[in-house]
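missing the sequence, but the structure's below:
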């Protein structure tokens, strides 16, 4: 069973079933069971999301910041000798 974008309740969704009361009852049973399981999984995932938060904390005193920025734009020009005629043009 998948979530509907309109988030109708199980009872509201059951109103659209036209195959008889047995089918409606089966749908409602399944839908309610899925709601229960999804709620339990949501609680479990929230608990899991909070565990280990202390392990990921980094004290700002332990962060090493770069303080030296040598100049990388200061270049020297090197004049190369001319190519020999025997060398093919690339």
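Good, I have the coordinates. Source: prediction; values computed, not measured. Numbering: from 1, shown residues only.

for residue 26, grab the count of nearby residues.
Number of residues near residue 26 (other C-beta atoms under 10 Å) recorded here: 14. All C-beta atoms are positioned from the backbone trio N, CA, C, and that covers glycine.

packing partners of the strand or helix carrying it?
Per DSSP states H and E: residue 26 is located in helix 21-50. The contact analysis (3 or more C-beta pairs under 8 Å, 6 or more residues apart in numbering; DSSP states H and E) places helix 21-50 against helix 10-14.

summarise which helices and strands the helix it packs on is packed against.
Partner elements for helix 10-14 (3+ C-beta pairs under 8 Å, 6+ apart): helix 21-50.

in the helix it packs on, which residues are buried?
Going by neighbour count (16 or more other C-beta atoms under 10 Å), the buried part of helix 21-50 is 24, 27, 31.

dump the residues you listed to CSV, plus distance to residue 71 and pLDDT.
Shown next, in CSV, are the buried residues of helix 21-50 (distance: C-beta to C-beta, whole Å; pLDDT from 0 to 100):
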residue, distance to residue 71, pLDDT
24, 77, 93
27, 72, 93
31, 68, 91
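
could you export the residues you listed as a markdown table, including distance to residue 85?
Shown next, in a markdown table, are the buried residues of helix 21-50 (distance: C-beta to C-beta, whole Å):
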| residue | distance to residue 85 |
| --- | --- |
| 24 | 93 |
| 27 | 88 |
| 31 | 86 |
